[in-house]
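Enquirer: Quick one, structure for this:
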Amino acid sequence: MMNRYIAYVFSVFFITGCGEKEQVIQIQHGETGSVLEEFPAETNDEVALSWVHSVEQTPWTDVFTITENCRLLLTETRFQSFGAGVEHQYEDISHEDGTYTARGLNECHDSVNWIHSHDAEHTVTINRVEEVDTASLPHHEPLRITIEER
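Expert: Sure, this is the predicted structure:
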């Protein structure tokens, strides 16, 4: 009887353990959905998209965190000046070394979308490491970052 119980518990543990889905960060073409890059992901990983603002010609970074409740939670944005189209009322903002950092934004996104431009010097970092060779991504094409489960 005890052996049956142990076998049952082991089976339940094995089946539920194998049922866990892994997450991946994907960079996809915005129109075709084709996957251009893919990286393993875990809850609480940080994904950031940076670029040079076309009007201000200053760097801009949006930082997202992968959460259990939200695929990509916008937690922070960094920029150097309040130019065209820049939100101007943040609850938690600091200014240090010429950069404004707005924190606690907590905006939930299913994807991060942009028109990729080699001229805008886009970079994608995962946990503060530049993992993506953005020069190899297609120029002037719609792209998106998504979190997918398998």
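
Enquirer: Where does the most centrally placed residue in the chain sit: helix, strand or coil?
Expert: For the chain, the residue nearest the mean C-alpha position is residue 47 (3.5 Å; C-alpha atoms, centre = their mean). Put simply, residue 47 is strand when judged by DSSP: H, G, I helix; E, B strand; the rest coil.

Enquirer: For the closest residue to it other than its chain neighbours, give the beta-bridge partners.
Expert: In space, and not counting its chain neighbours, residue 47 is closest to residue 64: 4.8 Å by C-beta to C-beta, 6 or more residues apart in numbering. Quick note: C-beta positions are derived from backbone N, CA and C, even for glycine. Assessed by DSSP bridges, residue 64 has beta-bridge partners residue 47, residue 74.

Enquirer: burial measure for the nearest residue to residue 31 once chain neighbours are set aside, as a count.
Expert: Spatial nearest neighbour of residue 31, chain neighbours left out: residue 142 (5.8 Å); criterion: C-beta to C-beta, 6+ apart. Counted with other C-beta atoms under 10 Å, residues neighbouring residue 142 total 14.
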